[in-house]
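# below are the sequence and a predicted model for it; my questions follow.
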Amino acid sequence: MMALVIGGSGSGKSSYAEELAVSLSSPAAKKYYLATMQVFGREGEQRVERHRALRRGKGFLTIEQPTEIQKAVGCMEEGERVALLECISNLTANEMFQQPEAKPGAQAAEQVIQGVGLLGKETAHLVVVSNNVFEDGICYDPATMEYIRAMGRINRALAQAADYVVEVVAGIPVVLKQGLNWKGQA
């Protein structure tokens, strides 16, 4: 089962996604937190510490995988696995801009979509966190607009594939899709 949790910055989507992943986990399941953020500077360090504090005591094993998210499967133990992927916007930016020349947005989007698809097949439950895009109505430089378009492609593909899609707005989860395969409770 795959769930997509989207929302704006500071919306509460991370907290909701963590609670969802915990609620989907059986006592025998291994819970994995797939961290995609590359830490730059004090602000990044503070954000990582805040997320670690939120997860403390919930039993997550952290796998840092800023690119090629499908490789995280090789770091997981056999058996029932629940994974929380945080987050698609960092993963996409890393895939597009980590090398000397930016990767085309369509290519990065396809790589992310395929990697998440593989994770979904290799886990009992996958909770994916992503950000809303195109909400501010501002036109940015060409590279940023290509990134935003790639995020839009990814969010649409993941929402279509997901069994459950929820947008968190000001801490309130708004269910957008609850498919026939949805067995979880949030």
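On my side now, so go ahead.
# quick one, strands of this structure?
Using DSSP state E, the strands of the chain run over 2-7, 30-35, 60-64, 81-86, 125-131, 164-169, 172-178.
# wait, Gln38 sits on Asn90?
Yes: assessed by CB atoms under 8 Å, Gln38 is found in contact with Asn90 at 7.3 Å. C-betas here are computed from N, CA, C, even on glycine.
# of all the strands of the chain, which one comes closest to Phe97?
strand 125-131 (16.0 Å; CB to CB).
# report the inter-axis angle for that closest one versus strand 2-7.
Using axes from the mean of the first three to the mean of the last three CA atoms, to 10 degrees, the inter-axis angle of strand 125-131 relative to strand 2-7 is 20 degrees.
# now do the shared contacts for Gln38 and Asn90.
Contact criterion CB atoms under 8 Å, 6 or more residues apart in numbering; residues shared by Gln38 and Asn90: Pro66.
# still on that earlier bit, dump the strands of the chain into a markdown table; add mean pLDDT and mean neighbour count as well.
As requested, those are exported to a markdown table (pLDDT from 0 to 100; neighbours: other CB atoms under 10 Å):
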| stretch | mean pLDDT | mean neighbour count |
| --- | --- | --- |
| strand 2-7 | 97 | 26 |
| strand 30-35 | 96 | 23 |
| strand 60-64 | 93 | 17 |
| strand 81-86 | 97 | 27 |
| strand 125-131 | 97 | 26 |
| strand 164-169 | 96 | 21 |
| strand 172-178 | 95 | 14 |
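# could you save those as CSV and add columns showing distance to Ala72?
Formatted as CSV, these follow (distance: least, CB to CB, whole Å):
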stretch, distance to Ala72
strand 2-7, 15
strand 30-35, 5
strand 60-64, 5
strand 81-86, 7
strand 125-131, 11
strand 164-169, 21
strand 172-178, 25
